[in-house]
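Student: need a structure here:
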Amino acid sequence: MIALKCYTFVKEIKIMYRKKVGVVCGGYSSEYEISLQSGKNVFSMLDREKWEVFYIVLTKESWTAKDDSSNVYNVSKGDFSLNRSDISIKIDLIFNLIHGSLGENGQLSALWELLEIPFSSCSSYNAALTLNKRDCLSVLREWNIPTAKHYTLDKGDDLDPKIIIDCVGLPCFVKANRSGSSFGVYKVYKKDDLIDSIEKAFEEDTQLIIESYLEGREVSVGVVKIDNEVFVLPVTEIISENDFFDFSAKYEGKSNEITPAKISNRWMNDLNQISKKIYSKLGLKGIIRSEFIFVNETPHILEINSVPGMTKKSIIPQQVNALGMDFSEFLNKILIQTERSKN
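Tutor: Just a heads-up that it's a prediction; the model follows:
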């Protein structure tokens with residue numbers, strides 16, 4: 001009986017001194033709803049015996065938080081504290097799940113860096129770089145990492161479809177430069193459709209990248225740092241039912257995602273080497289997911305996601321499951337690594 005009371009007391013003490021974790025989601029981009037789904041999934045899966053968890057939603061109109069008792073707090077834009085009545089709570093760790101603007105473009109990272117709050121995603125500079133497809137791919141090409149042929153276009157630039165097609169060919173992809181979840185991405189087969197696709201992509205971003213079509217097998221590679229070691233998760237092969245891996249393929253079940261991918265050892269080794277190289281040389285942090293297409297046995301990188309989706313249908317949870325690890329334990333390891341990064 002005494003031993004049981006001691007165990008209960010120690011457990012209560014541990015719960016009392018849990019670190020406060022803010023699961024931050026929402027944001028200002030088209031990926032708002034996907035971010036909320038990612039946030040809800042992670043919020044529900046974090047171990048309450050290890051962490052005191054707050055669900056934080058940021059919109060242009062308000063920054064608010066909620067705890068497990070459904071208490072609502074206002075989030076300060078000055079010090080990111082949670083406030084209600086005469087209570088003010090200081091967040092110890094941030095699990096960043098804002099895709100796109102605000103959370104994946106470096107803006108929030110810069111705030112958290114100034115406040116010295118450890119957060120799960122990469123630094124403000126590297127976040128801005130990886131979200132900017134044009135700049136990031138330019139850096140990767142310097143390291144001899146293959147990419148598609150490309151053409152850049154800004155809103156207001158002179159537009160000559162012939163010059164673009166001479167550069168990248170047909171079919172090609174018109175992509176919003178600073179966007180994710182396939183928002184602002186269009187596949188173009190005919191010259192007559194190019195201008196219309198460009199105009200629609202400009203509704204998502206004022207910068208575009210237009211790339212040649214790469215025909216081959218597409219894979220998604222998750223990379224994470226755990227126990228101070230860069231680790232590549234089981235690779236996923238993506239077979240889309242649609243014309244490409246667009247929004248409905250990603251989130252509405254219009255794709256077959258095979259994890260682990262049925263690819264050769266040589267391909268797997270190439271992906272491991274390239275993915276670790278990118279993670280280390282770019283100075284990335286937390287969970288990263290990169291997309292590749294194999295063309296003539298060579299992996300060509302499409303993009304890097306520094307805040308990948310973490311919904312129940314997302315690729316990273318599938319890869320963690322294929323690894324044989326409990327998703328809650330995986331999230332726990334991410335937070336421990338995040339906490340270490342402060343030291």
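Student: phi and psi next, for Asn256.
Tutor: Recorded main-chain torsions at Asn256 are phi -110, psi 110, according to degrees, to the nearest 10.
Student: looks like it contacts Lys262 (just checking).
Tutor: No - applying C-beta atoms under 8 Å, one finds Asn256 not in contact with Lys262, separated by 11.7 Å. The way it works is simple: take the backbone N, C-alpha and C, and place the C-beta from them, glycine included.
Student: more crowded one of the two?
Tutor: Taking other C-beta atoms under 10 Å, Asn256 and Lys262 do not tie; Asn256 has more neighbours (11 against 8).
Student: tell me the pLDDT of the closest residue to that one other than its chain neighbours.
Tutor: Excluding the flanking residues, the one nearest Asn256 by C-beta to C-beta, 6 or more residues apart in numbering is Ile239, at 4.3 Å. According to the prediction, Ile239 has pLDDT 89.
Student: distance of Ile239 from Ala261?
Tutor: Applying C-beta to C-beta, to the nearest Å, the value for Ile239 to Ala261 is 10 Å.
Student: with Asn96 instead?
Tutor: 27 Å.
Student: go on, Leu153?
Tutor: Leu153 sits 33 Å away from Ala261, going by C-beta to C-beta.
Student: repeat that for Ser280.
Tutor: In this structure, Ser280 lies at 23 Å from Ala261, with C-beta to C-beta as the measure.
Student: same check on Thr236?
Tutor: Taken as C-beta to C-beta, the span from Thr236 to Ala261 is 6 Å.
Student: okay, and the common contacts of those two?
Tutor: Residues touching both Thr236 and Ala261 (C-beta atoms under 8 Å, 6 or more residues apart in numbering): Val219.
Student: pull the CA atoms of stretch 164-182 into CSV?
Tutor: Extracted C-alpha coordinates of stretch 164-182, given in CSV (Å, rounded to 0.1, in the frame of the first residue of the first chain):
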residue,chain,number,x,y,z
ILE,A,164,8.7,29.4,-72.0
ILE,A,165,7.9,26.3,-74.0
ASP,A,166,11.3,26.4,-75.8
CYS,A,167,12.9,26.3,-72.3
VAL,A,168,10.8,23.6,-70.5
GLY,A,169,8.8,21.8,-73.3
LEU,A,170,5.4,20.3,-73.1
PRO,A,171,3.8,19.1,-71.0
CYS,A,172,5.0,21.3,-68.2
PHE,A,173,4.0,22.3,-64.7
VAL,A,174,3.1,25.9,-63.7
LYS,A,175,3.6,26.2,-60.0
ALA,A,176,3.1,29.0,-57.4
ASN,A,177,6.6,29.5,-56.0
ARG,A,178,5.8,29.8,-52.3
SER,A,179,2.9,27.4,-51.7
GLY,A,180,2.2,23.8,-50.7
SER,A,181,-0.4,21.1,-50.8
SER,A,182,-0.4,21.5,-54.7
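Student: could you list the buried residues of that stretch?
Tutor: By neighbour count on 16 or more other C-beta atoms under 10 Å, the buried set for stretch 164-182 is 164-165, 168, 172-182.
Student: and what of stretch 283-292?
Tutor: Buried residues in stretch 283-292, counting neighbours by 16+ other C-beta under 10 Å, are found at Leu284, Lys285, Gly286, Ile287, Ile288, Arg289, Ser290, Glu291, Phe292.
Student: related to what we said a few turns ago, need the buried residues of stretch 164-182 in CSV with distance to Leu46, can you?
Tutor: Formatted as CSV, those follow (distance: C-beta to C-beta, whole Å):
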residue, distance to Leu46
Ile164, 47
Ile165, 49
Val168, 44
Cys172, 42
Phe173, 37
Val174, 39
Lys175, 34
Ala176, 32
Asn177, 33
Arg178, 29
Ser179, 28
Gly180, 23
Ser181, 23
Ser182, 28
